[in-house]
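*Asks:* sequence unknown, structure follows:
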Ligand SMILES: [Zn+2]
């Protein structure tokens, strides 16, 4: 298909234009498996290590997909570290 923007010929199933990088929306885009990202810009209430762990896990899942991220329990140590750093930064 031709890119509607720069008219570069692309593969019919291409998701992005190789010329300008524009997203190519095709009629057969029904199997487009992009999970809807919640567009919440509200500040997250983080009040405990458990909250940090949950947020870290959610963010990682968004970036890498749930299969490579694994269970939330794996992130207890990193959550603890972030929490300590955060508490320290609030004191200064
Ligand atoms: Zn293009």
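*Replies:* Arrived safely, thanks for sending. Quick caveat, the model's predicted, so the values are computed rather than measured.
*Asks:* how about residue 4, what does it touch?
*Replies:* Taking C-beta atoms under 8 Å, 6 or more residues apart in numbering as the criterion, residue 4 is in contact with residue 22. C-beta here means a position set from N, CA and C on the backbone, and glycine is covered the same way.
*Asks:* what about it, which SS state?
*Replies:* Classification of residue 4 by DSSP: H, G, I helix; E, B strand; the rest coil places it in coil.
*Asks:* next: the one 3 residues further on.
*Replies:* Here residue 7 is coil, with the state taken from three-state DSSP.
*Asks:* so residue 19 sits in a strand?
*Replies:* No. Per three-state DSSP, residue 19 lies outside any strand segment and is coil.
*Asks:* I'd say it and residue 6 touch.
*Replies:* Yes. Counting by C-beta atoms under 8 Å, residue 6 is a contact partner of residue 19 at 4.6 Å.
*Asks:* in stretch 11-19, what counts as buried?
*Replies:* residue 17 (16 or more other C-beta atoms under 10 Å).
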